[in-house]
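Engineer: Sequence first, predicted model second:
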Amino acid sequence: MTTPRLQLSGITKRYPGVVANSNVSLSVAPGEVHAVLGENGAGKSTLMKIIYGSVKPDEGSVMFNGRPVHIRNPQEARALGISMVFQHFSLFDTITVAENVWLGLDKSLTLAEVKASISAKAAEYGLDIDPARPVHTLSVGEMQRVEIIRALLTNPQLLILDEPTSVLTPQAVERLFVVLRKLASEGCSILYISHKLHEIRELCNACTVLRGGQVTGVCDPRQESNASLSRLMIGAEPPALAERAQNPGADVLQVQGLTLASDDPFGTHLADIALTVRAGEVVGIAGVSGNGQGELLYALSGEDRRAPAGSIRVLGKDAARMGPGRRRALGLHFVPEERLGRGAVPTLSLSQNLLLSRRDAVGAGGWLRLGALKAQAEDIIARYRVKANGPDAAAKSLSGGNLQKFIVGREIEAKPKLLIVSQPTWGVDVGASAQIRGEILKLRDAGCAVLVVSEELDELFEISDRLHVIAKGRLSPSVDRVDATVERIGEWMSGLWGTGAQQPSEESAHAAA
Amino acid sequence: MLRLEVRPQPSRRWGYASPLLALAITVVIGVILFAVLGKDPVRGLQVFFWEPIKSTYALSELMVKATPLLIIALGLAVCFRSNVWNIGAEGQYLIGAIFAAGVALTADKTTGGWIVPAIIAAGVVGGMVWAGITALLRDRFNANEILVSLMLVYVAVQVLNYLVYGPWKDPGGYNFPQTKTFEAVTQIPRLVPGSRLNIGLLLALAGVAAVWVFLFRTYSGFAQQVGGLAPAAARYAGFSSRKALWIALLTSGGMAGMAGALEVAGPIGQLTPYVPAGYGFAAIIVAFVGRLHPVGIVFSAILMSMFYIGGELAQSRLGLPKSITGVFQGLLLFALLACDTLIAYRLVWKK
């Protein structure tokens, strides 16, 4: 057997109050695509930071190519041949691709040389990119390519990728996999961090599963099923969603002719968006991030009040110019994508955070009834099984999934007539995701109109009754979920739905009515 | 080697302990400073920390100085908690004093007691007007409120100088740059005969209660602070950032103006070029040392007042320059900022 490229043994890392990694061992062979699978908070990120040198383990040893190493910082990691592509890109918007790459490199090279080597690497791996383009003109997929090229320019022997597909279209994921397989065939080892089971089964030839900071399994993902992997990951299979019965009612949200220039210089302009959501149905909007989702949601929630008069109607009332508070009074509740800082104030307690969108505990004269507020928060914590240190816990002390459960609970308990949810399960672990989706469907069955914007196609196919796709600020016609395929939606995600796309009959009938 | 390590959660205990440690560090540096200057450190500390509290009269003088600091800092706490950085309270205080003096100067022998509330109200309006300029420029043109409010301090000083050297100069004042002494009826009512302590202290304490209730028990107080803690969350909730800006600046401006009115119609009794005593700037330190919390500000205002009185005493008793007050104020703020690191971090010993 060959010397492993990377071997971790007995890695333990304790943080005050939590053991992030406990006696973790991991071995990656040369040319292996090794998945690290686990829920959020399972210790994946800490482990990667240890390998990349930004965190020091308390116990355990790291061997690279058979030699024991103490990696003290990312520079040393790169010198050894370890590169990492982070989930959140570190690119400057206002300068070009080449300049961005240049910034991270040895200064002995000239910009022209950097451009040439980018083009060479890009050609070698089929990563189509123009080094002279400013970064803000790139799509998210292209930005990721820049990050990958930047990593490849150091000729790594081990490439770490942290949740690389969360921002990609299915087609772009396929292209990424081609690149990764080529890299692996040349002997580069890849550590692939993800919680998406089907990707791991498709791409990887080894898998280490973490749960609660411990290794719960090492397997060959090609021999496993989604069910067996998720059992290793969460200790149980995710609960299946109940079969749906469709009976949509009256129009709740009507959007017509919503054209809006973005006030962000790098934003997307919305062009003639038309959309209807009826009581008792879930409408999904798919699309690669940065195609106008943010702008559309700002306009729908009332955080942006510049929409043309009459373009947004909630229960027949023109809401285009109303602020968020008045829209809430109409029954429109919204769960934003960013939980900390937008959906919740990080430093305030959970009960105080209720006040952002709920006024039930506000008494006469604006007096706060703290007891009622606390009881309400306790109720949501219990009902939505939020893991938190009580209603006084600061929002930022919760994990992403638990905070999302709390925020979703806060909006659902407000008994909305229209719920708009952005990225309901982004960065949320499997168990909590299933729970959140279940709550959304329950709300729909109770007759609420629901609009879900998500980048995860699986999720949209699972919970939507109808689907739209947003691309470059334009919204596709809707398609019933039963008629939608991943291929078709994927094609639409690049903006190719054409003008002759067939309107679903019930929608046109509805519009005529 | 000593290293800083992030705490899993900010320490509540250090939130309280940090100002105390900062005070201790200030005292230690003060002792060293006295020693280096060739003064007896014990005597120095006595001047700063014992003399101001050793008798009822000293205590009342302590409160006379603490009152304006407390009133201004309360307003600033509301302002800073809303993420609005008004550092021009000194200017708002001055304009408040000028407006109040304008009303006080209209009084004559026949004026009734109604003049006192009118003076205080004029001070509040003056401070609001001055802070309102900052709010307007920020609201309409997105001008930086830190710069605008600070610059307006110097404009306010010139307005004061113009008035006392020009139109408002006392004709019988031997050409000194000051207004005539206000009529006795304009004097802010004193609490205890024989001391300079006046009802300003009661207004300040009422302010403590009012600000506490506003910040922690009302919906509008909550909305006000969300904009400071997480602007995107305030936008999501639908809390208007413009409204928060105006409330913040008008509150802090109004309170600074009220402090100016109480001072000019209280202990000073006339308008002179020496009205600006730096209370508006010292109140920024008071607000932060008091953790932007109304109750904490009560303690920090008293402490800062000690430094003022200590500085004056150091001048007469120890022969030190009065600017020693500023040195102590600055030391305290720096020490506090340094100690606050311990709220989010802890020191660990690592090889």
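Structural biologist: Yes, it's here.
Engineer: near chain A, which residues of chain B?
Structural biologist: B:5, B:7-9, B:217-220, B:222, B:226, B:229-230, B:232-233, B:235-238, B:240 (Cβ under 8 Å from any Cβ of the partner chain). C-betas here are computed from N, CA, C, even on glycine.
Engineer: one more time with 7 Å
Structural biologist: B:7-9, B:217-220, B:222, B:226, B:229-230, B:232-233, B:235-238 (Cβ under 7 Å from any Cβ of the partner chain).
Engineer: now B:V125: how far from A:P170?
Structural biologist: In this view, B:V125 and A:P170 are 65 Å apart by Cβ to Cβ, to the nearest Å.
Engineer: A:A77 too?
Structural biologist: For A:A77, the distance to A:P170 - Cβ to Cβ - is 32 Å.
Engineer: Would you mind telling me which of those two has more residues around it?
Structural biologist: Using other Cβ atoms under 10 Å in any protein chain shown as the criterion, A:A77 and A:P170 rank with A:A77 on top: 23 against 14.
Engineer: Contact partners for that one?
Structural biologist: Contact analysis of A:A77 by Cβ atoms under 7 Å, 6 or more residues apart in numbering or on different chains lists A:Y52, A:G53, A:I71.
Engineer: And the residue of the stretch 251-351 of chain B closest to chain A?
Structural biologist: B:R346 (8.3 Å; Cβ to the nearest Cβ).
Engineer: likewise the stretch 101-250 of chain B?
Structural biologist: Per Cβ to the nearest Cβ, B:G238 is where the stretch 101-250 of chain B lies closest to chain A, at 3.3 Å.
Engineer: about what we covered before: out of the residues of chain B next to chain A, which are inside helices?
Structural biologist: In this view, those that belong to helices under DSSP state H are B:R217, B:Y219, B:S220, B:F222, B:V226, B:L229, B:A232, B:A233, B:R235, B:Y236, B:A237.
Engineer: The second one contacts A:L368, doesn't it?
Structural biologist: When you say that, I think you mean B:Y219. Yes. Contact criterion Cβ atoms under 7 Å: B:Y219 and A:L368 qualify, at 6.1 Å.
Engineer: Identify the contacts common to these two.
Structural biologist: A:V362.
Engineer: Not counting its neighbours along the chain, what's nearest the residue nearest to the spatial centre of chain A?
Structural biologist: In chain A, the residue lying closest to the centroid (Cα atoms, centre = their mean) is A:W426, at 3.7 Å. If the residues on either side of it in the chain are set aside, A:W426 comes closest to A:E337, at 6.5 Å by Cβ to Cβ, 6 or more residues apart in numbering or on different chains.
Engineer: Could I get the contacting residues of residue 223?
Structural biologist: All of this refers to chain A. By Cβ under 7 Å, 6+ apart, the contact set of A:Q223 is empty.
Engineer: ah, no, chain B please
Structural biologist: Residues near B:A223 by Cβ under 7 Å, 6+ apart: B:F239.
Engineer: cutoff 10 Å now
Structural biologist: Residues in contact with B:A223 (Cβ atoms under 10 Å, 6 or more residues apart in numbering or on different chains) are A:325, A:355-356, A:366, B:82, B:234, B:237-240, B:243-244, B:247.
Engineer: go on, A:K56?
Structural biologist: Neighbouring residues of A:K56 by Cβ under 10 Å, 6+ apart: A:K13, A:K49, A:I50, A:H70, A:I71, A:R72, A:N73, B:K350.
Engineer: just A:I470 next, same as before
Structural biologist: The contact partners of A:I470, by Cβ under 10 Å, 6+ apart, come to A:268, A:270, A:273, A:275, A:285-289, A:291-293, A:295-296, A:453, A:476, A:492-493, A:495.
Engineer: In helices only, show me those residues.
Structural biologist: Using DSSP H, the subset of the contacts of A:I470 located in helices is A:Q293, A:E295, A:L296, A:W492, A:M493.
Engineer: what's the farthest-apart pair in these?
Structural biologist: Using Cβ to Cβ, these span at most 18.6 Å, a distance reached by A:E295 and A:W492.
Engineer: can you count the residues close to B:G172?
Structural biologist: A count of neighbours around B:G172, defined by other Cβ under 10 Å, yields 6.
Engineer: does it really touch B:K180, like I thought?
Structural biologist: Yes. Using Cβ atoms under 10 Å, B:G172 is in contact with B:K180, at 7.0 Å.
Engineer: just for chain A, where's the confidence low?
Structural biologist: The model of chain A has pLDDT under 70 over residues A:1, A:16-17, A:40-41, A:167, A:236-246, A:427, A:498-513.
Engineer: does B:I120 really touch B:P189, like I thought?
Structural biologist: No. Using Cβ under 10 Å, B:I120 is not in contact with B:P189, being 11.0 Å away.
Engineer: So these two - more neighbours on which side?
Structural biologist: More crowded of B:I120 and B:P189, by other Cβ under 10 Å: B:I120, with 22 against 11.
Engineer: Report the contact partners of the more buried one.
Structural biologist: B:G96, B:A100, B:V103, B:I188, B:I199, B:G200, B:L203, B:G257, B:M258, B:A261, B:L262, B:A265.
Engineer: now swap in B:S220 and tell me
Structural biologist: A:V362, A:G365, A:G366, B:F214, B:F239, B:K243, B:A244, B:I247.
Engineer: ok, and the closest non-adjacent residue to the fourth one?
Structural biologist: With Cβ to Cβ, 6+ apart as the measure, B:G221 is the residue that lies nearest to B:F214, at 4.2 Å, once sequence neighbours are left out.
Engineer: can you count the residues close to the one you found?
Structural biologist: Around B:G221 there are 21 residues (other Cβ under 10 Å).
Engineer: A:Q157 now?
Structural biologist: A:Q157 has 18 neighbours, counted by other Cβ under 10 Å.
Engineer: now do A:N291
Structural biologist: 25.
Engineer: Wait, it touches A:G473, no?
Structural biologist: Yes. Taking Cβ under 10 Å as the definition, A:N291 is a contact partner of A:G473 at 6.8 Å.
Engineer: Quick check on A:D318: phi, psi?
Structural biologist: Taking degrees, to the nearest 10, you get phi -70, psi 110 for the backbone angles of A:D318.
Engineer: out of everything not next to it in sequence, what's closest to it?
Structural biologist: For A:D318, the spatially nearest residue (Cβ to Cβ, 6+ apart) is A:G310, at 5.3 Å.
Engineer: Please tell me how far the residue of the stretch 151-300 of chain A found nearest chain B sits from A:R326.
Structural biologist: Using Cβ to the nearest Cβ, the single residue of the stretch 151-300 of chain A nearest to chain B is A:Y298, 8.8 Å away. To A:R326, A:Y298 is 16 Å away according to Cβ to Cβ.
Engineer: Could you pull out the strands in the stretch 151-300 of chain A for me?
Structural biologist: Taking DSSP state E, counting those that start in this stretch, the strands of the stretch 151-300 of chain A run over residues A:158-162, A:189-194, A:206-211, A:214-219, A:251-260, A:270-278, A:282-286.
Engineer: for the ones you listed, which one ends up most surrounded?
Structural biologist: Using mean count of other Cβ atoms under 10 Å in any protein chain shown, the stretch among the strands of the stretch 151-300 of chain A with the largest mean neighbour count is strand A:282-286, at a mean of 27.
Engineer: Tell me the secondary structure at B:Y274.
Structural biologist: coil (DSSP: H, G, I helix; E, B strand; the rest coil).
Engineer: Return the residues in contact with B:A66.
Structural biologist: Applying Cβ under 10 Å, 6+ apart to B:A66 gives the contacts B:52, B:73, B:201, B:204, B:286, B:298-306, B:308-309.
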